[in-house]
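1. mind folding the following:
(2 chains)
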Amino acid sequence: MEHMGVEPGRLQFSWISSAESTKFVDVAKKVTESVQALGPNTKFKKSK
Amino acid sequence: MSAKIEAIRQIARRLLSEGKVDMVIGFRRGTLPMMNEPCFIRKAEEADRLVWDSHCGINLANYVTDRKERVAVVAKGCDSRNLVNHIIENKIKREKLVVIGVCCDGMLDKRLIASRSREEAGAEVDAVEDANGQVTVKAGALIWQAPREELLQDNCKRCRHRNPVLCDELVGEPVAEKTEDDYEDVKRIEAMSSDDKWAHFEEMLSTCIRCYACRNACPLCYCPTCFVDESRPQWVGKSQDPIDIRTFHFLRAYHCAGRCTDCGSCERACPVGIPVRQFTRKLNKDCEELYGWQAGLSLDQRPALDTYSPNDPNDFIR
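-> Sure thing, here's the model as predicted:
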């Protein structure tokens, strides 16, 4: 996806077990922060 | 070249008359220059329709999918790798298959020859001759020449597996193989910024008419219902909107991850000349760098995406 021009950080992968609630919170925070920093994704909108 | 044709016909005749196979799949001359087409021979006396020259770019592995009869296939290096893929993916049984391997010198780029003919002669190509490393093109009133190496398809210039990796019959003498692919084309795109990458592919795909010729020509694309044709659920928009076009192209490429042999059929089939290999080449490069994997080289190895090893790279998972 990044090769195609999607900004690094917009697409993220994590492996979180159902027992790892704190990791889930941490990852969710990090993901929202990094995506907010990138701003809205206008590239994936249809033009018409 | 004609020695190879004679050898292919002889093998086809023998296999059919001895009843070893029910059908031979090879090439016959097309109605237009540089457009050889697949040919299905069921009787020994029809074997003379088979040809071999520098325009046999179509991947014949595409035509053996799920065949129940015993077939013999004329296979270049890349076709043979796709046959290996097919066997590994259970799309054909090894014992139903006779591979007539042909040592390949690379195929000529029909699009390049056509555009140069238009430039140099202002005419369409009437005939192409290929002898002793020199290609002679007759276009209208003019004849022009160029070294063969210059006019090869891009994937053939980069090819590292011209000799068949799997064969029961061998036509021609094995040729010297390149040892490395520098992936210079992929690296050039990797070096761009995200916005430039996006713009590059936007420009590249702007002429796509979504005819799906690239998919149809690809031996890897054999799903009974392709994701683009499915409407319940509809995986991808069917419009001509740039994002729908792009979604089709990158999903198609993903389906070829770890399977693509860079045979160039997709690019050859594209009616508007989009270099669609740019997507699959990136995946090939990744597969090679991350897993040391090239598709279709051996029957004994499972594909990269089909195996797990504790030291698989996983930096991308946080």
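
2. C-alpha from now on. contacts and neighbour counts both.
-> Fine.

3. can you tell me the closest non-neighbouring residue to B:Ile143?
-> Excluding its sequence neighbours, the residue lying closest to B:Ile143 (Cα to Cα, 6 or more residues apart in numbering or on different chains) is B:Val137, at 5.6 Å.

4. got any ranges where the stretch 101-250 of chain B has weak pLDDT?
-> Within the stretch 101-250 of chain B, no stretch falls below the threshold (pLDDT under 70).

5. residues in it within reach of chain A, list them.
-> Of all the residues in the stretch 101-250 of chain B, those in contact range of chain A (Cα under 8 Å from any Cα of the partner chain) are B:189-190, B:193-199, B:201, B:241-243.

6. kindly report the residues of chain A close to chain B.
-> Within chain A, the positions lying close to chain B (Cα under 8 Å from any Cα) are A:2-8, A:12-15, A:27, A:43-48.

7. coming back round to it: which two of the residues of the stretch 101-250 of chain B next to chain A lie the greatest distance from each other?
-> Greatest spatial distance among these (Cα to Cα): B:Glu190 and B:Asp241, at 25.2 Å.

8. burial of residue 15, as a residue count?
-> Answering for chain A, as no chain was given. When neighbours are counted by other Cα atoms under 10 Å in any protein chain shown, A:Trp15 registers 11.

9. sorry, should have said chain B
-> 20.

10. B:Lys76: what's it in contact with?
-> B:Lys76 makes contact with B:101-104, B:162-164 under the criterion Cα atoms under 8 Å, 6 or more residues apart in numbering or on different chains.

11. and the pLDDT for it?
-> The pLDDT attached to B:Lys76 in the predicted structure is 94.

12. repeat that for A:Lys48.
-> In this model, A:Lys48 carries a pLDDT of 65.

13. who are the contact partners of the closest residue to B:Leu283 other than its chain neighbours?
-> Residue nearest to B:Leu283 in three dimensions, not counting chain neighbours: B:Ala257, with 5.7 Å by Cα to Cα, 6+ apart. Shown here is B:Ala257, whose contacts under the criterion Cα under 8 Å, 6+ apart are B:280, B:283-284, B:287.

14. how near is B:Cys78 to B:Ala114?
-> As defined by Cα to Cα, to the nearest Å, B:Cys78 lies at a distance of 24 Å from B:Ala114.

15. more neighbours, the two?
-> For B:Cys78 against B:Ala114, the residue with the higher neighbour count under other Cα under 10 Å is B:Cys78, and the figures read 30 against 19.

16. so what secondary structure elements neighbour the helix or strand hosting the more buried one?
-> With elements delineated by DSSP states H and E, B:Cys78 resides in helix B:77-88, which encompasses its position. Here helix B:77-88 is seen to pack against strand B:97-102 when contacts are counted using 3 or more Cα pairs under 8 Å, 6 or more residues apart in numbering or on different chains; DSSP states H and E.

17. pull out the buried residues from stretch B:251-259.
-> Applying a neighbour-count criterion of 16 or more other Cα atoms under 10 Å in any protein chain shown, one finds B:251-253, B:256-259 buried in stretch B:251-259.

18. ugh, wrong one, I meant stretch B:79-97
-> Going by 16+ other Cα under 10 Å, stretch B:79-97 has these buried residues: B:79-88, B:91-94, B:96-97.

19. likewise stretch B:222-237?
-> For stretch B:222-237, the buried set under the neighbour-count rule, 16+ other Cα under 10 Å, comprises B:227-228, B:236.

20. and which of these is nearest B:Asp130?
-> Sorting these by distance to B:Asp130 puts B:Val228 at the head of the list, at 39.6 Å, by Cα to Cα.

21. the closest residue to B:Ile209 other than its chain neighbours and chain A, how far apart?
-> Closest residue to B:Ile209 in three dimensions, ignoring its sequence neighbours and counting by Cα to Cα, 6+ apart: B:Gln240, at 7.4 Å. Taken as Cα to the nearest Cα, to the nearest Å, the spacing of B:Gln240 relative to chain A amounts to 10 Å.
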